[in-house]
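In: here is a sequence with its predicted model. Questions after.
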Amino acid sequence: MTSVVTGFAVIVVIIGVGYVLGRTELLGPAGPMVLTRLAFWVASPALMFHTVAEADLGVIVAEPLIATGGSVVIVAAVFALAGLWRRWSVSYSTLGVLCSCLVNAGNLGIPIAAYVLGDATLVAPILLMQTVVIVPVALTVLDLAGQGSSTPVWRRFLTPLQSPITVASLAGVVVAATGVTVPGPIMEPFILVGAISIPSVLMVFGISLRGSTWPGRGPDRRPLALAVVLKTLVHPAVAYLLGLALGLSARELLAVVVLSALPTAQNALTFAMRYGQAQTLVREAVLVTTVLSLPVLVLVTALLR
């Protein structure tokens, strides 16, 4: 249990640093956008490239990932259908879907996998799925939604290549699939620059909290409630049921449910700020799911360990 609390404490401290930066306006009015662009265009692509390039792609077809992936599809479909019914915009619904299914697999998932589950590599499948599938698809939809009907069809097919995160992830897949070993002097800059990504995103989140109202009081309260329920309760519950159906071992089932119960990834806020859509919804979803996921994770670990 201590490792879970420690993981959250690290996140809270870095977010707190961002909040202080926002309160003091030390970075100036352009600070948050500069950090967002740094994370989106430079740091996150570097992080994704070296993460995927050094990963074992064989984990993609593992049964635990089927349970996790199935739960992602279900919760994403629920929010998407709600968006269609309520006639929310495509961009708004897409970011809401990310709030519902994109888990904090990096800065929180890795330490929890290492200290709670005893194996940091257990987070690799969900991290790869999000990097190679979920995020590129979401960014493609967001790009297409902002292009308008006048965009040539041929250019729309190139939309995925307009995202540096997608390009870096695909490059990492190529390296991992071919078995090429990237020399240390070449890979080290990617590792060093990629290390900026997570703290940058967390500090941007902290800065965005300055002057914000109590979560759930604005026009986004219903989409927020839906996203929080899906992420905090439905996602791990569906993963548990799918894991049982697939006959996973007790250890695999614990890993699947714990990773599915992680809060919304802060990267979702980077995307919201990058595209100028649903920023309040995403910020509040990250905050609320992070707070609520701690007792859920403790309960899940106590019941399934």
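Out: Okay, I see it. Numbering: from 1, shown residues only.

In: distance of the closest residue to L304 other than its chain neighbours from A261?
Out: Excluding its sequence neighbours, the residue lying closest to L304 (Cβ to Cβ, 6 or more residues apart in numbering) is L254, at 4.4 Å. All C-beta atoms are positioned from the backbone trio N, CA, C, and that covers glycine. L254 is 11 Å from A261, where distance means Cβ to Cβ, to the nearest Å.

In: among those two, which residue is more densely surrounded?
Out: The neighbour comparison of L254 against A261 (other Cβ atoms under 10 Å) goes to A261, with 27 against 21.

In: need the pLDDT of the closest residue to L47 other than its chain neighbours.
Out: Closest residue to L47 apart from its sequence neighbours, by Cβ to Cβ, 6+ apart: G194 at 3.2 Å. Looking at G194, its pLDDT stands at 88.

In: do G69 as well
Out: pLDDT, read off for G69, is 90.

In: so it: helix, strand or coil?
Out: helix (DSSP: H, G, I helix; E, B strand; the rest coil).

In: the closest residue to it other than its chain neighbours: which element?
Out: Spatial nearest neighbour of G69, chain neighbours left out: M129 (5.9 Å); criterion: Cβ to Cβ, 6+ apart. Element membership for M129 (DSSP states H and E) is helix 124-129.

In: that helix: how far from the chain's middle?
Out: 11 Å (Cα atoms, centre = their mean, to the nearest Å).

In: elements contacting it?
Out: With contacts taken as 3 or more Cβ pairs under 8 Å, 6 or more residues apart in numbering; DSSP states H and E, helix 124-129 sits against helix 63-86.

In: now the helix it packs on: buried residues?
Out: Along helix 63-86, these residues count as buried under the neighbour rule (16 or more other Cβ atoms under 10 Å): 63-72, 74-76, 78-80, 82-83.

In: for it, name the packing helices and strands.
Out: helix 90-101, helix 124-129, helix 221-229, helix 235-245, helix 250-260.

In: can you put the ones you listed in a markdown table and add mean pLDDT and distance to M203?
Out: Output for the helices and strands packed on helix 63-86, formatted as a markdown table (pLDDT from 0 to 100; distance: least, Cβ to Cβ, whole Å):
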| stretch | mean pLDDT | distance to M203 |
| --- | --- | --- |
| helix 90-101 | 96 | 20 |
| helix 124-129 | 78 | 21 |
| helix 221-229 | 95 | 23 |
| helix 235-245 | 95 | 26 |
| helix 250-260 | 90 | 25 |
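
In: and the ones you listed, which is most packed in?
Out: helix 90-101 (a mean of 26; mean count of other Cβ atoms under 10 Å).

In: if anything else comes up later, I'll come back, but that's it for now.
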